[in-house]
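3D, please:
(chains A and B)
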Amino acid sequence: MNLADYALKHGLSQVGVRPKFLEYLGQVWDRRDFAFTMSLYASEAQNARTRLGRWWLVLLPSLQAFAYGLVFGLILGDLRPANFIPFLITGVFLFSFFSGSFSAGAKAITSNTGLLRTLSFPRILLPLSAVIREFINFLPQLALLPIVMVMFGQDITWDWLYLIPITFLMFLFSTGLAMISARLTVQVKDLGKLVPFITRLMFYSSGIFFEIERIFAGYPEILAIAMLNPVYDFISLARGALVNDLAMTPFLWIVSSIWSVGIFVFGVLYFWKAEARYGRD
Amino acid sequence: MDGIRTTEHKPVVVADDVHVIYKVFGTGKKARQTKGGLAKKSRMREVHAVKGVSFVVHEGETIGIVGSNGSGKSSLMRAIAGLYPANKGAVYAYGKPTMLGVGAALLPNLSGEKNIILGGLAMGFEKKEIFESSQSIIDFSGLKDFIDLPMRTYSQGMSARLRFSIAASKKHDILIIDEALAVGDRQFRLKAEEKIRQMRKDAGTVFLVSHNMKSIQDTCSRVLWIEKGELVMDGEPKEVCAAYITAMEKGDAE
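Residues are numbered from 1 along each chain as shown, chains lettered A, B, ... in the order given. Below is the predicted model of the structure:
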């Protein structure tokens, strides 16, 4: 009899192997409090070291929106979308949640080696908690959006309530995104360097400060591709809900739902596949 | 299975020809310039830290692990804990081993108290349970005055105290203590050793990696000696420790 048979005969199981998918999800569910509590604490700690603390959560995106508004508002001239400020602020605020989740996911495993070397728990809790933290940080901006809309003369409508399902879809999508970036940066450290670049690229291609329909009007192929960009779709939906004269088209709902569910499911599976690899460095 | 110690008791940990190999990137050029100058060298180096270790541990045993620095003790322990799975061979365990090692804080920017809560939740405590037992963990650690400070401000010894107190608050089937007590002061070490003996009584299995032979002989029922990634000796604490000390002193004399 060899050792492996001897061990299995006595009811021992191999350590350090990836659990089956459903079993894994069960473990994650059992420790969901860890993910929530960690994101809450991390969010507090992030903002504790500056004088203005939590205010930075709305100050920074507002300053960004102001800067972009000034620069691109001038450059675009007549190409400026109608209701420019509400249009821009919706875009900048929502984008900050995507980019935050993406880069927080990329750091979720690589910056927590102390924890990984000490405790064993389903590793997916780390990127998950990073996205929840980003979401907590996003909430003040979400609350500010209606105020900005009213300030800049938008009508208050029941459509605003669509922000709830839109936010839910965005959360699914960002979670999937964070899982993917978490695993990729572990396997290829160099990708960590590319994160800011990819974020920039997404920012300029998602129509944050311009209407892609107008800019790409002469290039139908490019427009068709740009309309499938998930970040553009989510932002357009939110604009449809908030900004006057813009609509939430069925096309946007369908495309963004497919993206959300698809990226979420793929991201979770993709992360789980490499479970036994995290913490090896 | 020839030559492997087994008894009638139930096995709890089986190490079957465990190999641990690290791939290290970016080791860089030699600090000292060699004649070849800019000779091109591979940027990746493989370090074979554990080379085929096999043993069986039974219920209620406390295993001491001795060996010189860099002998592969910690790598072997990490493989047992499943934190760095074996590259070749396998480790089988009854239940989930928990490892307590030296090293940095868990979450350096959070206070000691928040680290207790998060560490407890990660170990599988219910939220209510850990909030209830956090006070007794703080008391055991003896860090009452510093518990609100971020963990990055803790000394090595304080950090070790806190981590041991968190880990010891839960009943573990298998607990691996990797030199975690070495930086603690005498008073805390005695307290911790008492706790380990109590865990052993509760049919828990404890692995204790230490350079303190007295501590090993006081708490362990069996000792493994690892050297250069291989198992050199496996037996009674007294014999193995004596052989290890003799070898070390001989090595010094050479």
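
pLDDT below threshold where in the stretch 101-250 of chain B?
Within the stretch 101-250 of chain B, the ranges that satisfy pLDDT under 70 run B:101-105, B:180, B:203.

For chain A, give me its nearest residue in it.
residue B:121 (3.8 Å; Cβ to the nearest Cβ). C-beta: built from backbone N, CA, C; applies to glycine.

Got phi/psi on the closest residue to residue A:159 other than its chain neighbours?
Excluding the flanking residues, the one nearest residue A:159 by Cβ to Cβ, 6 or more residues apart in numbering or on different chains is residue A:241, at 4.8 Å. When read as degrees, to the nearest 10, the backbone of residue A:241 gives phi -70, psi -30.

list the contacts for residue A:241?
Neighbouring residues of residue A:241 by Cβ atoms under 8 Å, 6 or more residues apart in numbering or on different chains: A:159, A:160, A:161, A:162, A:163, A:166, A:248.

tell me the SS of the first one?
Okay, so that is residue A:159. Following DSSP: H, G, I helix; E, B strand; the rest coil, residue A:159 is assigned to helix.

Contact partners for it?
For residue A:159, the contacting residues are A:240, A:241, A:242, A:248, by Cβ under 8 Å, 6+ apart.

Just the closest of the residues you listed to residue A:54, please.
residue A:242 (23.7 Å; Cβ to Cβ).

count of neighbours near the closest one?
Residue A:242 has 26 neighbours, counted by other Cβ atoms under 10 Å in any protein chain shown.

what do you get for residue B:189?
If you count neighbours by other Cβ under 10 Å, residue B:189 ends up with 18.

for residue A:93, same thing?
The number of residues packed near residue A:93 is 24, by other Cβ under 10 Å.

same question, residue B:135
Residue B:135 has 12 neighbours, counted by other Cβ under 10 Å.

and the residue of chain B found nearest chain A, what is it in contact with?
Nearest to chain A, among the residues of chain B, is residue B:85, at 3.0 Å (Cβ to the nearest Cβ). Listed by Cβ under 8 Å, 6+ apart, the contact set of residue B:85 reads A:15, A:16, A:17, A:276, A:280, B:79, B:91.

How about residue A:61?
Residue A:61 touches A:92, A:93, A:96, A:141, counting by Cβ under 8 Å, 6+ apart.

Of those, just say which sits nearest to chain B.
Sorting the contacts of residue A:61 by how near they are to chain B, with Cβ to the nearest Cβ, puts residue A:96 at the top with 21.8 Å.

how would you label the closest one: helix, strand or coil?
Following three-state DSSP, residue A:96 is assigned to helix.

could you measure residue A:164 against residue A:170, distance?
Per Cβ to Cβ, to the nearest Å, residue A:164 is found 11 Å from residue A:170.

hang on, the earlier thing: just among the contacts of residue B:85, which is most surrounded?
Greatest neighbour count in these, by other Cβ under 10 Å, goes to residue B:79: 26 neighbours.

Just send the contacts of residue A:61 back as JSON lines, with pLDDT and secondary structure too.
Below are those laid out as JSON lines (pLDDT from 0 to 100; DSSP: H, G, I helix; E, B strand; the rest coil):
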{"residue": "A:92", "pLDDT": "90", "secondary structure": "helix"}
{"residue": "A:93", "pLDDT": "91", "secondary structure": "helix"}
{"residue": "A:96", "pLDDT": "92", "secondary structure": "helix"}
{"residue": "A:141", "pLDDT": "90", "secondary structure": "helix"}
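
Out of these, flag the one nearest to residue A:213.
Comparing those against residue A:213 with Cβ to Cβ places residue A:92 closest, at 19.3 Å.

ok, the residue of chain A at minimum distance from chain B - contacts?
Using Cβ to the nearest Cβ, residue A:16 is the residue of chain A that sits closest to chain B, at 3.0 Å. Under the criterion of Cβ under 8 Å, 6+ apart, the contact list for residue A:16 reads A:276, B:79, B:82, B:83, B:84, B:85, B:86, B:91.

list the contacts for residue A:82?
For residue A:82, the contact set (Cβ under 8 Å, 6+ apart) comprises A:244, A:245.

Got the confidence number for it?
Per-residue confidence for residue A:82 comes out at a pLDDT of 83.

what residues are up against residue 220?
Unless you meant another one, I'm taking chain A. For residue A:220, no contacting residues are found, by Cβ under 8 Å, 6+ apart.

I was thinking of chain B, sorry if that wasn't clear
By Cβ under 8 Å, 6+ apart, the contact list for residue B:220 reads B:62, B:63, B:64, B:208, B:237.

Low-confidence ranges, chain A, go.
Where chain A drops to pLDDT under 70, the residues are A:1, A:280-281.

Any residues of chain A in contact with chain B? List them.
Residues of chain A lying close to chain B (Cβ under 8 Å from any Cβ of the partner chain) are A:1-4, A:6-8, A:10-17, A:30-31, A:33-34, A:37-38, A:41-42, A:45, A:112-121, A:125, A:189, A:276, A:279-280.

Can you tell me the element residue A:131 falls in?
Counting by DSSP states H and E, the element that carries residue A:131 is helix A:125-151.

Can you tell me which of the contacts of residue A:16 is closest to residue A:58?
Nearest to residue A:58, judged by Cβ to Cβ, of these is residue B:83 at 39.9 Å.

Strands of the chain, residue ranges please.
No chain specified, so I'll use chain A. Using DSSP state E, the strands of chain A run over A:13-14.

wait, I meant chain B there
Taking DSSP E as the criterion, chain B carries its strands at B:11-25, B:44-58, B:62-66, B:88-93, B:98-101, B:174-178, B:205-209, B:222-227, B:230-235.

you'd agree residue B:10 is up against residue B:58?
Yes: at 6.4 Å, residue B:10 counts as touching residue B:58 under the criterion of Cβ atoms under 8 Å.

which two in the contacts of residue A:159 are spaced the farthest apart?
Farthest pair in the contacts of residue A:159 (Cβ to Cβ) is A:242 and A:248. Separation: 10.1 Å.

bridging residues for the spatially most central residue of chain B?
The centre of chain B sits closest to residue B:178, judged by Cα atoms, centre = their mean, with a distance of 2.2 Å. In this entry, residue B:178 is beta-bridged to residue B:101, residue B:209, by DSSP bridges.

Touching, it and residue B:99? I think so.
Yes: with contact defined as Cβ under 8 Å, residue B:178 counts as touching residue B:99 (6.5 Å).

any common contacting residues for those two?
residue B:77.

Give me the number of neighbouring residues for residue B:111.
By the criterion of other Cβ under 10 Å, residue B:111 has 18 neighbours.

which of the residues in the helix holding residue A:131 are buried?
For helix A:125-151, a neighbour-count test (16 or more other Cβ atoms under 10 Å in any protein chain shown) marks A:125-138, A:140-142, A:144-145, A:148-149 as buried.

can you give me the helices in the chain?
This is for chain A. With DSSP state H as the criterion, chain A has helices at A:3-9, A:21-30, A:32-48, A:56-76, A:84-108, A:113-118, A:125-151, A:163-187, A:191-205, A:212-215, A:220-228, A:230-242, A:250-273.

ah, I was thinking of chain B
Using DSSP H, helices in chain B cover B:73-81, B:112-122, B:127-141, B:156-168, B:186-201, B:213-219, B:237-253.

any idea which of the ones you listed is most buried?
Compared across those, helix B:73-81 shows the largest average neighbour count, a mean of 26 (mean count of other Cβ atoms under 10 Å in any protein chain shown).

so residue A:47 touches residue A:60, yeah?
No: contact between residue A:47 and residue A:60 fails when scored by Cβ under 8 Å: they sit 11.1 Å apart.

Output the contacting helices and strands for the helix holding residue A:131.
When contacts are defined as 3 or more Cβ pairs under 8 Å, 6 or more residues apart in numbering or on different chains; DSSP states H and E, helix A:125-151 packs onto helix A:32-48, helix A:56-76, helix A:84-108, helix A:163-187, helix A:230-242.
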